[in-house]
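Student: Give me coordinates for this.
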Amino acid sequence: MVDLLDAYGRRDAVLLRIVIVIHIAAGLTAVAAGATAMLAPKRRGRHPRSGHTYLGALVVLTTTAIVLAAARPHTAYLLILGAVALVAAGYGWRVRRLHHRGWRPRHITAMALSYTAMVTAFYVDNGPRLPLWSLLPPLTFWFLPAAVALPLLVRALNRHAPRATRRQTAEAGSADGL
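Tutor: Residues are numbered from 1 along each chain as shown. Below is the predicted model:
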C-alpha cells in the first residue's frame, strides 16, 4: 500500500484506512452472502436472509467506494461497476418483492449481473497484485468473471424456470421432432 502519510495528513490517512477496512469487510460480507444466497435452497430462510445481507453489504461497499474514489481519483472508473452492481441488486430485490409475472428469471439475471459486476471490480483493482492472477493479461480481469458467470446464469435460469415454461418447451421440442 502506498504510504498514505505522504499523500494525506495523519488524520486523513487514518480515516482513509478506516474506510478501506470497512470497504474490505463489506466486500467480504457481500461475496460470502451472495454465494450463500446462490447456493441456498430457494425458499424462506437462508436464501432471503443472505440476499438481504448481500444487498446491505453492497450498499456499504458502494458508499465506501465513493469515498475511496474521491481520495484516489484514478480508481473512479470502478464506481461504474459498483453502480451497476448496486442498481442490478436493487432491481433484483424489487422484482422479487413485487412478484410480477415472470419475476424469477429477471431476479436471477439481475442478481447474477450484480455479483459479476462486484467481482469484476475486485479483480480489475486487485488482480495484478494477486499471486498467479498477476501472470494474466490485464484484459482478463475485465472478462473472466463474466465468462465464468454466463454458463452458471444459463444453468440457473434453466433450473429455476417455471414448470409450465419447461413443459411448454419440452412439448414444443417433441412436436418439432414429429
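Student: And whichever strand or helix holds Ile18, what's buried?
Tutor: Element membership of Ile18 [criterion: DSSP states H and E] is helix 10-39. Using 16 or more other C-beta atoms under 10 Å as the test for burial, helix 10-39 gives 13, 16, 19-20, 23, 26-27, 29-31, 33-34, 36-38. C-beta: built from backbone N, CA, C; applies to glycine.
Student: helices or strands up against that helix?
Tutor: helix 4-7, helix 46-71, helix 103-126 (3 or more C-beta pairs under 8 Å, 6 or more residues apart in numbering; DSSP states H and E).
Student: Let's see that with 6 Å instead.
Tutor: Judged by 3 or more C-beta pairs under 6 Å, 6 or more residues apart in numbering; DSSP states H and E, helix 10-39 is in contact with helix 4-7, helix 46-71.
Student: List just the one of those helices that sits closest to Val84.
Tutor: Closest of those to Val84 is helix 46-71, at 10.1 Å (criterion: C-beta to C-beta).
Student: Quick one: mean pLDDT over the closest one.
Tutor: Mean pLDDT, helix 46-71: 94.
Student: any idea which helix or strand comes after that helix?
Tutor: Counting by DSSP H and E, what follows helix 46-71 is helix 78-98.
Student: what comes into contact with that next one?
Tutor: Helix 78-98 is contacted from outside by 55, 58, 62, 65, 69, 103, 106-107, 110-111, 113-114, 117-118, 120-121, 125, using C-beta atoms under 6 Å, 6 or more residues apart in numbering.
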